[in-house]
Structures are given as structure tokens and as C-alpha cells.
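Colleague: Below are the sequence and a predicted model; questions follow.
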Amino acid sequence: MSILFRRRRYLNDKGFQSRFILRFTAISILGSTIAVTGFAFLARNRIEAILSSMRLPDVAAGDILFVDSIMANAAALLFTLLMFFAAAQGLLRAVAGPLHRVHQDLQQLSSGNLGFRVVLREGDEFVYFADNINVMADGLKHRFRDIRDHVEDLSKTLDELSRTSDDQEAFELQTRLAHQIESIDHDIKRFKWQ
């Protein structure tokens, strides 16, 4: 027997992932550009200073621009880290609010309040997730409403059964009662327990 393992979609929104990756990629490219531009600027100034002095320093040729490359890369690294931190804070703010709201509304659902709606602002992350929760809550509300209606019918039939003295009518009410119990059982079995 072959079991297919597929990637399940829980909280992986392709738009959110794309914005996340694009933001950090843009910062990385900007940091690299700053490093190259900074090094070119520092190297040009160093070479002009050497040419104007008409004398080469007493270091190996590879070490002439070593300090300039370290300075340019250090500046680019500092800039990139600050930008990464700012981008991460922005993503955290964009995600934390909607997830907190969804968490609060899920607590409403777990307490039995099926009439609530998860409402996120336009442009918030995880709007599709909130919509799925709303669809789930509506489905549960309809299922429980069906069970409640069956219980009300069952109660009415039991009341009629307790007031009847006719055997034929009592038999018909008992048959109706059995069908109503089957309907409730069917509605309950629609829920999966495992």
C-alpha cells in the first residue's frame, strides 16, 4: 500500500512568503552594492593618494587596499544588519497583530461561541486563514443547529407520546421517535473523533 505524502498548507501563504523573501533579498543586494561602492570609493581615494605622493608604501601589493576593503565591508555589514533588524521588526508587527486577533477569536470558538466572526483589517496578513476559520465556524453552527432542531422534534414527540392513550398512535410516535434518534445519531457521526 502506497501512502502519498503531500505538503499540507497550514500557514504558508505564497504572497506572504514572497514578500518576506523579496524584502530580505533586496536588503542583501543593497548591502552588497554598498560594500562594492564603498570599496571602490575608498580604493580610488587610496590610489589617488599613493599616486600623488609618488611613493609606494612599504607593504605588500595585496595589503595596500586591505584596510579599505575591511572598512567598506564593515560599513555594509552594519547597514545590512540594521536593515535586516528593521525588516524583521516590520514583519513581526505585520504578523503579530493578526495572529493575536485570530488567537482571541479561536478562544471564543473553543468556549462554544459559534456566532463570532474573525475580522481582520484589509491588508493584514493571514486574511485567508481568518476566512477559513469563519467557514469552519459557520459549518459547525449549521451542524449544531441541525442537532438542536432534531432534539426539539424529539422533545415534542416525547411530549405527544406521554399524552397519548391510543396504542396505534403510541406505536406511530415510537416509530417517529426511533427515526428522530437515528437522525441525531447520523448528525453526531458526521463529526470525526480521530
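Modeller: Good, I have the coordinates. Numbering: from 1, shown residues only.
Colleague: longest helix of this structure?
Modeller: helix 66-110 (DSSP state H).
Colleague: So what's the gap between that helix and the chain middle?
Modeller: The chain centroid and the centroid of helix 66-110 are separated by 16 Å, computed with C-alpha atoms, centre = their mean, to the nearest Å.
Colleague: buried set for the helix or strand following it?
Modeller: Moving toward the C-terminus from helix 66-110, the next helix or strand (DSSP states H and E) is helix 127-163. Across helix 127-163, burial judged by 16 or more other C-beta atoms under 10 Å covers 127, 129-130, 133, 137, 147, 150, 153-154, 157. For every residue, glycine as well, the C-beta is placed using N, CA and C.
Colleague: quick one, helix 127-163 and helix 66-110 angle?
Modeller: 10 degrees (axes from the mean of the first three to the mean of the last three C-alpha atoms, to 10 degrees).
Colleague: tell me the average confidence for helix 127-163?
Modeller: For helix 127-163, the mean pLDDT works out to 85.
Colleague: which is the next helix or strand following that helix?
Modeller: Following helix 127-163 in sequence, per DSSP H and E, is helix 167-189.
Colleague: Extract the C-alpha trace of that next one and format it as PDB.
Modeller: The C-alpha trace of helix 167-189 is given here as PDB (Å, rounded to 0.1, in the frame of the first residue of the first chain):
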ATOM      1  CA  ASP A 167     -51.900   2.200  21.300                       C
ATOM      2  CA  GLN A 168     -51.800   2.700  17.500                       C
ATOM      3  CA  GLU A 169     -50.800   6.400  17.900                       C
ATOM      4  CA  ALA A 170     -48.300   5.400  20.600                       C
ATOM      5  CA  PHE A 171     -46.700   2.900  18.100                       C
ATOM      6  CA  GLU A 172     -46.500   5.600  15.400                       C
ATOM      7  CA  LEU A 173     -45.000   8.100  17.800                       C
ATOM      8  CA  GLN A 174     -42.400   5.500  19.000                       C
ATOM      9  CA  THR A 175     -41.500   4.800  15.300                       C
ATOM     10  CA  ARG A 176     -41.100   8.500  14.700                       C
ATOM     11  CA  LEU A 177     -39.000   8.700  17.900                       C
ATOM     12  CA  ALA A 178     -36.700   6.000  16.600                       C
ATOM     13  CA  HIS A 179     -36.300   7.900  13.300                       C
ATOM     14  CA  GLN A 180     -35.500  11.100  15.100                       C
ATOM     15  CA  ILE A 181     -32.900   9.400  17.300                       C
ATOM     16  CA  GLU A 182     -31.300   7.900  14.100                       C
ATOM     17  CA  SER A 183     -31.200  11.400  12.600                       C
ATOM     18  CA  ILE A 184     -29.400  12.800  15.700                       C
ATOM     19  CA  ASP A 185     -27.100   9.800  15.700                       C
ATOM     20  CA  HIS A 186     -26.400  10.500  12.000                       C
ATOM     21  CA  ASP A 187     -25.600  14.100  12.700                       C
ATOM     22  CA  ILE A 188     -23.300  13.300  15.500                       C
ATOM     23  CA  LYS A 189     -21.500  10.700  13.500                       C
END
